[in-house]
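Asker: from the sequence below, what's the structure:
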Amino acid sequence: METAQMQKEQMEVAQMRFGIIAPLVQGIYTDDSMAAYCRRVALTPQRLPDGRVFQYKPKTVAKWYQLYEKGGMEALVPRTRCDKGGTRVIPEEAEREIRRLRKEYPRLNATQVREKLVQEGTLPATVSVSTIQRYIKHNGLKSPEDASVKDRKAYEEEYFGGMWQADTCYLPYIRENGKSRRVYLIMILDDHSRMIVGGKLYYQENAANFQKTLKEAIAAYGIPNKLYVDYTDVLTIPTF
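Answerer: As a prediction, this is how the structure comes out:
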C-alpha cells in the first residue's frame, strides 16, 4: 500500500512534469514548434523529490503532454508496483511502455526493452533485465510463436518532428522547348505522422535543390530532431 509520503512525492513528480509541459498546454511557448520546445527543455536535467536527477529525452516530454491531454493531471502521476520478488520497483509509466513495446514490437527482447526505457528516463537503471523478463512472462507478453507476425518499424519516432526522411522520386521525361528533360520529385516525410512536410519538382537532383526543399519545410513546420537523408551528393546541410 502506498504511504502518504509516497503519494506526496508522486504528486510532486506530476507537478514537476506539468511545469515542464505547461507552455505546451497553454500554447505560450516561443519556439518554432512543439518538437523544438521539447528538445530545448530536455537539455536541462530535472531533480526528482527523492533526489535522483534525470535528463529526459524530447520524446518523453512530448509523451507527458499527450498523457495530460488525455487524462489531465492524474495521468502525470507515476504510480509504482512492487515486483513479485519484492526487491525491485517498476513505475506504472514503465509498465505501460513495456506493454506498448511488446505489442508493437513483439520481437524486442527484455534487454532491448530495458535499454530503451532507461534511455528515455521512464525506467530507473536499478531495475534489472531479469525483472523485465519476469514482468513480461507473468503478464503474458512473451513473443508470439507465429513467425508471420511482423513488427512495426523498431525505432519509429513517437511524435511529430522526431525525425524526417528525405528521398528523390524519378519521374518521366517531359519535353520543353523541343528538349527532353527528366523530372525529379524531392520529398521530405515526417516519420511519425507520415505527413509530407516538403516536396517540389525539379529538373536536377542536387544538394542545392534539396536544401531549398528542406528550408521551406523547416519554415513551415520547425526544425526536426533528426534528418535521415539517403543521398550521396548532399554533402552539407545548411544552417538557418
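
Asker: show me where the chain has its helices.
Answerer: 4-26, 34-41, 58-71, 92-104, 110-120, 129-138, 207-221 (DSSP state H).

Asker: turn the ones you listed into a markdown table, columns for mean neighbour count.
Answerer: (C-beta placed from N, C-alpha, C; glycine too.) Listed next are the helices of the chain as a markdown table, based on neighbours: other Cβ atoms under 10 Å:
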| stretch | mean neighbour count |
| --- | --- |
| helix 4-26 | 15 |
| helix 34-41 | 21 |
| helix 58-71 | 19 |
| helix 92-104 | 17 |
| helix 110-120 | 17 |
| helix 129-138 | 17 |
| helix 207-221 | 17 |
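
Asker: can you tell which of those is closest to residue 199?
Answerer: helix 207-221 (6.9 Å; Cβ to Cβ).

Asker: mind putting the helices of the chain in JSON lines, distance to residue 160 and mean pLDDT included?
Answerer: Output for the helices of the chain, formatted as JSON lines (distance: least, Cβ to Cβ, whole Å; pLDDT from 0 to 100):
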{"stretch": "helix 4-26", "distance to residue 160": "13", "mean pLDDT": "84"}
{"stretch": "helix 34-41", "distance to residue 160": "6", "mean pLDDT": "92"}
{"stretch": "helix 58-71", "distance to residue 160": "9", "mean pLDDT": "90"}
{"stretch": "helix 92-104", "distance to residue 160": "18", "mean pLDDT": "86"}
{"stretch": "helix 110-120", "distance to residue 160": "17", "mean pLDDT": "83"}
{"stretch": "helix 129-138", "distance to residue 160": "29", "mean pLDDT": "86"}
{"stretch": "helix 207-221", "distance to residue 160": "8", "mean pLDDT": "90"}
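
Asker: for residue 25, give me its contacts.
Answerer: 18, 65, 68, 69 (Cβ atoms under 8 Å, 6 or more residues apart in numbering).

Asker: you'd agree the third one is up against residue 74?
Answerer: No. Contact between residue 68 and residue 74 fails when scored by Cβ atoms under 8 Å: they sit 9.4 Å apart.

Asker: give me the nearest residue to residue 225, chain neighbours excluded.
Answerer: Counting by Cβ to Cβ, 6 or more residues apart in numbering, residue 225 lies nearest to residue 162, which is 5.1 Å off, once chain neighbours are set aside.
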